[in-house]
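any chance you can model this:
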Amino acid sequence: MDKYARWLTDKYICIMLLVFPLWTGTVGYTGITRPKFLFFALLTGFWLAALLACALFFRCKPSRPRGFQLAALAFMAAACLSALFSKNIQYSILGSNRCDGLVTLLLYGGIALGVSRWGEFKERYVNLSALAAGLCAVVCILQLCRVNVLGLFPEGLDFYDAGTRYTGEFLGTMGNTNVLAAWFCLVIPLLTVSALRSRPVRAALLLLVAAACLGLLFYIEALSGLVGCLGCALVTAPYYVNQTGRRRAARMLLAAEAAACLAGLALVYFTPPGNGMLWELSEILHGRAQDGFGSSRVAIWREALRLFAERPLLGGGPDSFGLRSTVEFSRFVPETGATLSTHADNAHCEPLGYLVNLGIPGFAAYCALAVLSLRRWLRGADPALGAGLLCYLVQSLFGLGLCLVAPIAWIYMGLLCSEREAESNAG
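As a prediction, the model looks like this:
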């Protein structure tokens, strides 16, 4: 049984790391979410069904779940209870146009259970991730040169029309730039740390792809992704130095980072009045946060906390934020004479979204999964994989957390907490 289950899981992970990020469907950005969801849901469902068939054929008894798997089961149970007691149970099954309903959350839990039981990190996963990210970066660069690769933009539109002729920003094969940034946060540290232990040619190729992805984040000003990369670097650099046995150097690096962070906070705190990100951060440090700060994230987070207070125990149901939110944004565009409007249907903070939609139990279970994964990383699991997950988790504090990229993060968590990884570390 284990032999076949490991083979199935390996092939599933390979397809998810290489094909899923590049899959866009046939209708472009106007409907990219549904084909990506269907790809993820059908592939994951087939993989889980195949694992179940193997278990039945070989008459395997279920193994006793460990801490990470118990947290995954708790997350799935919380999602089911939240949907069952929501006021829109039929809506909660599949969710809104973002496809983040109960089915999606149960598939996330299935990934955590299956990968942690039969998955094992392999170097080819790095190569596949690099290939997918490299191809996506090429698409992004061509689109920034106004080449409508794959016809993803509607006729006559391109990336530079964002905010004037349409709401949001779209680039690459992931769709929204926030989702693209989330995926790059998974990939950049994975490739960078893997390059440090690779032969020169492979290291150069991995670093080239990582640099291209990071450069794109800077060019499109994807702040959530850049914050994720910065937070990851601050933690990963001393951790990696310590892992090489240079503990004194690691302590010195930590001290230097702490001094730099304090100096940065002082600089931000005393930033003179004006506009821009530094001034917004300064106002927040002074306790004067305004709704428009962070691309209006402050307003959305306040709305999220209000919705949480209404149903703290079980939340409003999977993917219910959009149904309950009353926050609307509109902006007159002088260039076109049109008014662009949008409705806040996402918490723009993945953990906060779970808190609003699933309540305290679902939020606690998700946090437990993240903490257990990072703890396994700090205790010797693959450093590249852990760095990628950390980077994703930092950006998720400002990100959307959609099924276009979240399944890959759950694969990372499952691999970090895999039983085979624990056995190899123990050996």
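
distance of the closest residue in space to residue 353 that isn't next to it in sequence relative to residue 308?
Closest residue to residue 353 apart from its sequence neighbours, by CB to CB, 6 or more residues apart in numbering: residue 347 at 3.8 Å. Where C-beta positions appear, they are placed from N, C-alpha and C, glycine not excepted. From residue 347 over to residue 308 the distance is 9 Å, taken as CB to CB, to the nearest Å.

same question for residue 398.
18 Å.

where do the helices sit along the stretch 251-400 of the chain?
277-285, 293-310, 321-324, 350-378, 383-396 (DSSP state H, counting those that start in this stretch).

ok, the stretch 1-150 of the chain next?
Using DSSP H, counting those that start in this stretch, helices in the stretch 1-150 of the chain cover 2-18, 33-57, 67-84, 89-94, 102-118, 123-144.

single out the most deeply packed of the ones you listed.
helix 102-118 (a mean of 24; mean count of other CB atoms under 10 Å).

setting the sequence-adjacent residues aside, check what's closest to residue 268.
residue 281 (4.8 Å).

and the one you found, what pLDDT?
Looking at residue 281, its pLDDT reads 82.

that older thread, could you dump the helices of the stretch 251-400 of the chain to JSON lines with mean neighbour count and distance to residue 3?
Output for the helices of the stretch 251-400 of the chain, formatted as JSON lines (neighbours: other CB atoms under 10 Å; distance: least, CB to CB, whole Å):
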{"stretch": "helix 277-285", "mean neighbour count": "16", "distance to residue 3": "52"}
{"stretch": "helix 293-310", "mean neighbour count": "17", "distance to residue 3": "46"}
{"stretch": "helix 321-324", "mean neighbour count": "20", "distance to residue 3": "43"}
{"stretch": "helix 350-378", "mean neighbour count": "22", "distance to residue 3": "24"}
{"stretch": "helix 383-396", "mean neighbour count": "26", "distance to residue 3": "23"}
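
closest one to residue 203 among those helices?
Counting by CB to CB, residue 203 lies closest to helix 383-396 out of the helices of the stretch 251-400 of the chain; the figure is 12.1 Å.

in the stretch 251-400 of the chain, where is pLDDT below threshold?
Counting by pLDDT under 70, the ranges of the stretch 251-400 of the chain that qualify are 335, 337.

tally of neighbours for residue 262?
Look at residue 262: counted by other CB atoms under 10 Å, it has 10 neighbours.

how much space separates residue 196 from residue 237?
Distance from residue 196 to residue 237, by CB to CB: 11 Å.

give me the residues contacting stretch 139-156.
Stretch 139-156 is contacted by residues 24, 28-30, 32, 158-160, 170-173, 180, 212, 216, 219 when judged by CB atoms under 8 Å, 6 or more residues apart in numbering.

ends of that stretch, how far apart?
18 Å (CA to CA, to the nearest Å).

quick one: average confidence on that stretch?
94.

OK, contacts around residue 235?
residue 390.

sec struct for it, please.
Following DSSP: H, G, I helix; E, B strand; the rest coil, the label given to residue 235 is helix.
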